[in-house]
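> Starting from these lines, generate the structure:
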Amino acid sequence: MDKELSREVIRKQKMKRVFRFSTYILILFFILILFRILIQPSIKRSRIRTATTEIGAIEGTITASGVVIPEFEQVVICPMQSIIDSVYHKAGDQIEKGEPILMLNNEFTLLTYEKLKDEYKLQKNKKTQLKLAMERELSELQTQSDIMELRIRSYQSKFEAQEQIYKVGGGAKTNYDQAKLNVEISTLEKEQLEKRIDNHQKSLEADLIEIDLQLRIQQNRINELERQLELAETKAVRSGVITWVNDNIGANVNKGEEIVRIADLDKFKVESKISDIHASKLIIGNPVRIRINENDLEGKIANIEPTIINGIITFFVELENNTSKLLRSNLRVDVFVITSSKNNIIRVKNGPFINGSGKQDIFIIKGNKAFRKTVNIGATNFDYAEIENGIKAGEEIVISDMRDHIHQKEIKIKNK
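Predicted coordinates:
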């Protein structure tokens, strides 16, 4: 027969079951906590970059690529079709103003020049002979005119005498009429002679003008050939450095073909290229910042090429310090065209965490955790990004690319 358990035994058994159950619960709780610790997302601090927000100014910019080029460059072109006879300097040589660089063959031009000079002398001699002949003829005509004047005076005297005799009835009317006719005929002959003299004078002037014009044309051709002969010995019009020279001796070169380039490597400017989607933002006079390594040089847009090639606009930047030691010919640089400016805003260093402007999620560091927060990104440039709301100055934020963690609300930061 079973014996009934005492109350003390029953109580102890209940306590044992409660203890066992509580132990199971506690173990399960610790397991859950451990599991949560093990599965909580984390990232090493060494794998992220952070920056502290601050109050400051920001300039809105558009970024372009640029290359440093000489501010002044002389391009020498071939003045005539010729052959390269000699080359006195090579690319990279320092050259002084007036110093010859290469020599073009000028034998044909020299022959043409001498021929034109001879023709010019013949024309001048022809002018002299024509002038002397015309002046001699005019002198003869003038002499005839003077003789005619004397004859008219003689006829006029006889006519007046016959007129007096006729009036007193002492002479025949035929004598009077003949004397009058002689005066009229001689007067007409003199008028005709004067017209002839005038025509000869005008003819002489016209012939001289024609010859002068021919001489002027001939002189211009001679001057042009003199210039070509002078240019055949290609000389530098300013001091500088030869950046390129056609040193292929014996090569044929055509008129207008480039043969030498000389650059002034003391002063520079920047040739920049940018997509035409930014065309409306490019204005002559806009401030520009040129970045060479970690150094900045200030400048402004000096001019913009009117044509767009393959969707690319080319513009040139005039530098405030165009003699900086940082500048080197053909050096590639970053060009930032400043389009706007804001003061007293919350800003942070720019980084991969920025994805344009507008609303986006970022991570704020608090203690050993990073918490996701939605903010509004305003103006940005290469250095800084404006945070318009949700952040105060002095807060530390992650500026690395956090796209792989953007779905998580918080991330543990491991120091090691």
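> right, and residue 106 touches residue 229 too?
Yes - the pair residue 106 and residue 229 passes the contact test of C-beta atoms under 8 Å, sitting 5.5 Å apart. For glycine as for every other residue, the C-beta is placed from the backbone atoms N, C-alpha and C.
> Just the buried positions in stretch 139-147, please.
Of the residues in stretch 139-147, those with enough neighbours to count as buried (16 or more other C-beta atoms under 10 Å) are residue 141.
> List phi and psi for residue 51.
Dihedral angles phi and psi of residue 51 (degrees, to the nearest 10) take the values phi -150, psi 150.
> any idea how far residue 85 is from it?
Look at residue 51 and residue 85: by C-beta to C-beta, to the nearest Å, they are 65 Å apart.
> Those two: which has the busier surroundings?
Under the criterion of other C-beta atoms under 10 Å, the comparison of residue 51 against residue 85 puts residue 51 first, with 20 against 15.
> ok, what's across the strand from that one?
Listed by DSSP bridges, the beta-bridge partners for residue 51 are residue 397.
> Skipping adjacent residues, who's closest to residue 183 in space?
If the residues on either side of it in the chain are set aside, residue 183 comes closest to residue 155, at 4.5 Å by C-beta to C-beta, 6 or more residues apart in numbering.
> Same question for residue 406.
Closest residue in space to residue 406, ignoring its immediate chain neighbours: residue 361 at 5.6 Å, by C-beta to C-beta, 6+ apart.
> For the one you found, report the pLDDT, please.
Residue 361 is assigned 85 on the pLDDT scale.
> element containing it?
Take DSSP states H and E as the rule and residue 361 turns out to sit in strand 358-366.
> Mark out where each domain of the protein begins and ends.
Domain assignment of the chain by automatic domain parsing yields the ranges 7-39, 46-70+267-414, 107-232.
> Reformat the ones you listed as a markdown table; add distance to residue 77.
Converted to a markdown table, those look like this (distance: least, C-beta to C-beta, whole Å):
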| stretch | distance to residue 77 |
| --- | --- |
| domain 7-39 | 75 |
| domain 46-70+267-414 | 18 |
| domain 107-232 | 9 |
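> between residue 106 and residue 229, which one's more packed in?
Between residue 106 and residue 229, residue 106 has the larger neighbour count (other C-beta under 10 Å), namely 22 against 17.
> show me the contacts for the more buried one.
When contacts are counted by C-beta atoms under 8 Å, 6 or more residues apart in numbering, residue 106 is found next to 80, 82, 228, 229, 232.
> Could you do residue 134 as well?
Taking C-beta under 8 Å, 6+ apart as the criterion, residue 134 is in contact with 200, 203, 204, 207.
> got it, and residue 248?
So, once contact is read as C-beta under 8 Å, 6+ apart, residue 248 ends up touching residue 84.
> sec struct for it, please.
Three-state secondary structure (criterion: DSSP: H, G, I helix; E, B strand; the rest coil) places residue 248 in coil.
> Mind pulling up the pLDDT for it?
On the pLDDT scale, residue 248 is placed at 82.
> and what of residue 375?
Turning to residue 375, the model gives it a pLDDT of 87.
> before we move on, what about residue 288?
93.
> and it, what are its bridge partners?
Using DSSP bridges, the beta-bridge partners of residue 288 come out as residue 299, residue 337.
> where does the stretch 251-400 of the chain have low pLDDT?
Low-confidence regions of the stretch 251-400 of the chain, defined here as pLDDT under 70, cover residues 356.
> Swap in 90 and give it another go.
Across the stretch 251-400 of the chain, residues meeting the criterion (pLDDT under 90) sit at 251-267, 278-281, 293-294, 323, 325, 328-330, 338-400.
> mind listing the strands in it by residue range?
252-253, 258-263, 268-275, 287-292, 295-304, 312-319, 332-349, 358-366, 369-380, 384-389, 396-398 (DSSP state E, counting those that start in this stretch).
> Please identify which of the ones you listed is closest to residue 14.
When the strands of the stretch 251-400 of the chain are compared by C-beta to C-beta, strand 369-380 sits nearest residue 14, at 44.3 Å.
> Could you say which of the contacts of residue 106 is surrounded by the most neighbours?
Note: the member of the contacts of residue 106 with the most neighbours is residue 82, at 23 neighbours, neighbours being other C-beta under 10 Å.
> returning to that earlier point: now the strand holding residue 361, how far from the centre of its chain.
Its chain's C-alpha centre and that of strand 358-366 lie 44 Å apart, by C-alpha atoms, centre = their mean, to the nearest Å.
> CA atoms of it as CSV?
Coordinates of each C-alpha in strand 358-366 appear next as CSV, following Å, rounded to 0.1, in the frame of the first residue of the first chain:
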residue,chain,number,x,y,z
GLY,A,358,18.8,65.6,-51.7
LYS,A,359,17.6,63.1,-49.1
GLN,A,360,19.9,60.1,-48.2
ASP,A,361,20.9,58.0,-45.3
ILE,A,362,24.2,58.4,-43.5
PHE,A,363,25.7,56.9,-40.3
ILE,A,364,26.5,58.9,-37.1
ILE,A,365,29.1,57.6,-34.7
LYS,A,366,28.0,57.5,-31.0
